[in-house]
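Enquirer: Could you look at this predicted model? Sequence included:
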Amino acid sequence: MQTLRESTETKKSNDINSENARIAAFEKLEAQLLGQIADLEKLLEQARTELAENEEDLRNTRAAKDAAEKELAAATKGLQQKTEQCNKWRSDYERDSAKRTDEIAIVEKVQAIFANRINTAKDYLQERINQE
């Protein structure tokens, strides 16, 4: 019976040691897992912060894009208006140039008529002077 008792005590002692070793291993694993959870929570918080920053950057970029599109539309409209104005000025210039050419021809004809009349009057006066 003594042997049975010693055997039982030994088994009990081995079981206690084994249980203590398993508890220690479990606690070590639990500590590792808690450390990993803490690290992952930090990474998650960093990712959320980065996501918030990226979303803010995206909003700012979209706002800048919208402003640039509005500016482009205004500039395009301004360019179109200036092009139309230049085309109008070009057609006005061409019309006025043709009109001026006609006016110059008329003035030259009038000058020729006056020159002819002046020469005729000069000749007439010269004859009158010579007759006297």
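Expert: Alright, I've got the coordinates.
Enquirer: In contact with Q126, which residues?
Expert: With contacts defined as C-beta atoms under 8 Å, 6 or more residues apart in numbering, Q126 has no neighbours. C-beta: built from backbone N, CA, C; applies to glycine.
Enquirer: Show the pLDDT at it.
Expert: Q126 carries a pLDDT value of 86.
Enquirer: Okay, and it sits in which element?
Expert: helix 2-131 (DSSP states H and E).
Enquirer: number of nearby residues for A38?
Expert: Neighbourhood size, A38 [other C-beta atoms under 10 Å]: 10.
Enquirer: That should have said Q36, apologies.
Expert: Neighbours of Q36 (other C-beta under 10 Å): 10.
Enquirer: Ok, the one 5 residues further on next?
Expert: Counted with other C-beta under 10 Å, the burial measure for E41 works out to 10 neighbours.
Enquirer: That one: what's it in contact with?
Expert: E41 makes no contacts at all, as judged by C-beta under 8 Å, 6+ apart.
Enquirer: Roughly how far does it sit from K109?
Expert: 101 Å (C-beta to C-beta, to the nearest Å).
Enquirer: Got the confidence number for A98?
Expert: Value for A98, per-residue pLDDT: 88.
Enquirer: For stretch 43-52, buried residues please.
Expert: The neighbour-count check on stretch 43-52 (16 or more other C-beta atoms under 10 Å) flags nothing as buried.
Enquirer: Give me the average confidence score over it.
Expert: Mean predicted confidence for stretch 43-52 is 97.
Enquirer: Flag the shaky bits of the chain, pLDDT-wise.
Expert: 132 (pLDDT under 70).
Enquirer: again, 90 this time
Expert: Where the chain drops to pLDDT under 90, the residues are 1-15, 98, 102, 121-132.
Enquirer: How many residues are close by R100?
Expert: 11.
Enquirer: what residues are up against it?
Expert: Per C-beta under 8 Å, 6+ apart, neighbours of R100: none.
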